[in-house]
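**Student:** requesting a structural model of the entry that follows:
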Amino acid sequence: MAVVVAALIAAVLAGAVVLVLLPPPSYTAWQYALLVLEFALLFTALAVLGVALALLGLRWSRWRRTSVTVLGLTVVALVATLVPPVSLWTTARHHDVSLSLPDYLAGFSDSTDRTPETVRYATVDGEDLVLDVWQPADESPRDEPLPALINIHGGAEDYPQSMFPRWDTWLADQGHVVFDIDYRFFPDGEWQSSPGDVKCALAWVHRHAADYGAAPDRIAVAGASAGGLLALLATYSTSEQIPSSCPELGEPPRVGAVVAWYTATDATETAVIPWRLAHSSGIGVDLERQQERMTGAAAGTDEAHRLNRALSPLTYVTPQSPPTLLIQGEHDVFVSTDDTHAFAAALGRAGVEHRVLSLPWTEHMFDLNWGGFASQVTRDVLARFLAERLRR
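**Tutor:** Purely as a prediction, here's the structure:
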């Protein structure tokens, strides 16, 4: 019986390893792969149990050959499950970050302990655009205004603001007034509407920051995935290149810092496509169609080339670009680390202050797992980056 259970454990672990390493056949499979990586230590515990049961099976000569085979498989699986957390532990040491094992199972970031104030910041083409204002839990009087942080959610469709509110409350408790914004999600053929909405929110926050105890001259912008793309486009481009959706609010201010989480920076044909994405039977095709929908131009045409270049943050890098933190998982199925480092190199050539946080064996949307080692490392690095750039 012990050998049978050990064999079942070995099969489960082998399936988990295959799920992580091979191209995902669907978004659902990719989501499971994300969970496997984020909770790799739970699979380590399962592997330890499998090893123990296989060793127990060696006591019976009848099952000895089978037990040896199963033992070998579970030992290999045990080593494989340790690779992601050990790699992240090494990264944490490199960045002088202390990881907490008790926090590893702290849950997800899609809920939090308080509610925000929701405010309309603009009405564009008859559609109300809103944002959530997150204040620090400490409501004692402040000696001076806090820095403002505009947070931009990502996603593959039109989700509402504050997708991961636990990050909003944490950022607020770090000493920021957080404005988590909604925006029009890339209307068909009108991709400029989305960064235009972000510029609109920037101008609104600049105008109304003092009403919420924030400093209008100390603003940072952060975004993940599509939100990171918009953060870079909105803060790197001029109003002539990408106009604001509500010019009546005035020119968007220059920001003190930008944080882009696992963000595509090159939408042109020269972009590096991750191997797993290129060989995915469904996801890669969906993303190509989505990009065609956003630009309104068929792939491969001269117009698509022009619009894809305009959609690329790489196009707008200048010496005036704001200090930037790039956060990138090295096992991201959607975004190539090569592109992230190429973007960082372009920032370096332009003399732009920047930093890259590379997280080994980390997937896209890892920040869903609040207690994961990748999230723990990111919080420490992010807090230091914002404190250094937004202090007086």
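
**Student:** dump the C-alpha coordinates for stretch 308-328 into CSV.
**Tutor:** Output of stretch 308-328 as CSV, limited to C-alpha atoms (Å, rounded to 0.1, in the frame of the first residue of the first chain):
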residue,chain,number,x,y,z
ASN,A,308,2.8,48.3,-33.0
ARG,A,309,5.8,50.7,-32.8
ALA,A,310,3.6,53.4,-31.3
LEU,A,311,2.2,50.8,-28.8
SER,A,312,5.8,50.0,-27.6
PRO,A,313,7.2,51.9,-24.6
LEU,A,314,10.6,51.3,-26.1
THR,A,315,9.7,53.9,-28.7
TYR,A,316,9.4,56.7,-26.1
VAL,A,317,12.6,56.3,-24.1
THR,A,318,14.4,59.6,-23.7
PRO,A,319,16.8,61.1,-21.2
GLN,A,320,13.7,62.8,-19.6
SER,A,321,12.0,59.4,-18.8
PRO,A,322,11.3,59.1,-15.1
PRO,A,323,13.2,56.7,-12.7
THR,A,324,11.8,53.2,-13.4
LEU,A,325,11.7,49.9,-11.6
LEU,A,326,11.1,46.9,-13.8
ILE,A,327,9.8,43.7,-12.0
GLN,A,328,10.1,40.6,-14.1
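
**Student:** helices or strands up against the helix ranked longest in the chain?
**Tutor:** Identified as the longest helix of the chain according to DSSP state H is helix 64-94. On a contact count with 3 or more C-beta pairs under 8 Å, 6 or more residues apart in numbering; DSSP states H and E, helix 64-94 meets helix 2-21, helix 40-57, strand 354-359, helix 373-390. (Each C-beta comes from the backbone N, C-alpha and C, glycine too.)

**Student:** may I see those organised as CSV, with mean neighbour count added?
**Tutor:** Listed next are those as CSV, based on neighbours: other C-beta atoms under 10 Å:
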stretch, mean neighbour count
helix 2-21, 18
helix 40-57, 19
strand 354-359, 19
helix 373-390, 20
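
**Student:** looking at these, which is closest to A209?
**Tutor:** Distance to A209, taken as C-beta to C-beta, is lowest for helix 373-390 among the helices and strands packed on helix 64-94, at 12.6 Å.

**Student:** what are the contacting residues of that closest one?
**Tutor:** Identification of contacts with helix 373-390 by C-beta atoms under 8 Å, 6 or more residues apart in numbering yields 38, 85, 88-89, 91-92, 95, 97, 99-100, 103-104, 109, 147, 149, 170, 174-176, 218, 220, 256-257, 259, 323, 325, 327, 329, 355, 357, 359, 362, 366-367, 369.
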